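Trainee: I'd like to go over a predicted model; first the sequence, then the structure.
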Amino acid sequence: GESVGLHLPTLSVQEGDNSIINCAYSNSASDYFIWYKQESGKGPQFIIDIRSNMDKRQGQRVTVLLNKTVKHLSLQIAATQPGDSAVYFCAGTRGGGNKLTFGTGTQLKVEL
Amino acid sequence: DTGVSQDPRHKITKRGQNVTFRCDPISEHNRLYWYRQTLGQGPEFLTYFQNEAQLEKSRLLSDRFSAERPKGSFSTLEIQRTEQGDSAMYLCASSRGGEDGYTFGSGTRLTVV
């Protein structure tokens, strides 16, 4: 079956540094990926998405890179701020509107 | 539209009782999803609807669980004869059905004592 997993459970960075969160997926049929941010007691919040016909997409302070050859995603956060502290999940799916499969998450801690 | 709404936010129930949660999706979204999340884990898919039709159910959805979306708008998730293992955050999400992101609600935190 399809699975999505993360390499590191916890990432600590200094405020102002760049953060990189990695994610591996197993199903080469996955063609749509989303990064979510989840703060304690809240639902996942959409950050950025990418389709399999792209290898890079940029948003405000965030960039997602997709390497289909090695089935790897990364989320880059520029100039990390205390408000970025949260758990980050990648999720993947096949086709539009189908169920998402989530990884276990990476806890990002921003140190002042 | 204020996004995906879930009610209640928190529910404490005694083992063996039935509970029902409600989800109101974004109005123009025709797909609605239920997920369960336990502490330290990513959300796990339970079931989803396109309009009023339930298109897929996970094996996690035992016969004690039932979900409905009778008019293709709001949905309810009922858990009968709750067990302590049902304690989790129950998340609802909605989408337009295309690849344009899935919006999650804030969840219902269930504690079975």
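Mentor: In hand now; what should we look at? Residues are numbered from 1 along each chain as shown, chains lettered A, B, ... in the order given.
Trainee: what's the helix or strand for the closest residue to B:K57 other than its chain neighbours?
Mentor: In this structure, B:K57 finds its nearest non-sequential neighbour in B:T47, 4.6 Å apart by C-beta to C-beta, 6 or more residues apart in numbering or on different chains. To be clear about C-beta, it is placed using only N, CA and C from the backbone, and glycine gets the same treatment. Assigned by DSSP states H and E, B:T47 belongs to strand B:44-50.
Trainee: who does that strand touch, helix- and strand-wise?
Mentor: The contact analysis (3 or more C-beta pairs under 8 Å, 6 or more residues apart in numbering or on different chains; DSSP states H and E) places strand B:44-50 against strand B:31-37, strand B:53-57, strand B:65-68.
Trainee: neighbours of B:L39, how many?
Mentor: 7 (other C-beta atoms under 10 Å in any protein chain shown).
Trainee: which one is the closest residue to chain A within chain B nearest to, not counting chain neighbours?
Mentor: Relative to chain A, the nearest point of chain B is B:G42 (3.2 Å; C-beta to the nearest C-beta). With C-beta to C-beta, 6+ apart as the criterion, B:G42 has its nearest non-adjacent residue at 3.2 Å, and that residue is A:F102.
Trainee: what sits against the one you found?
Mentor: A:4, A:36, A:89-91, B:42-44 (C-beta atoms under 8 Å, 6 or more residues apart in numbering or on different chains).
Trainee: turn the residues you listed into CSV, columns for pLDDT.
Mentor: What follows is the contacts of A:F102, written out as CSV (pLDDT from 0 to 100):
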residue, pLDDT
A:V4, 63
A:Y36, 96
A:F89, 94
A:C90, 94
A:A91, 93
B:G42, 91
B:P43, 94
B:E44, 94
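Trainee: tell me the one of the residues you listed nearest B:P25?
Mentor: Using C-beta to C-beta, B:P43 comes nearest to B:P25 of the contacts of A:F102, at 16.0 Å.
Trainee: residue contacts, the closest residue in space to the closest one that isn't next to it in sequence?
Mentor: Leaving out its chain neighbours, the residue that sits closest to B:P43 by C-beta to C-beta, 6+ apart is B:Y35, at 3.8 Å. Counting by C-beta under 8 Å, 6+ apart, B:Y35 touches B:43-46, B:90-93.
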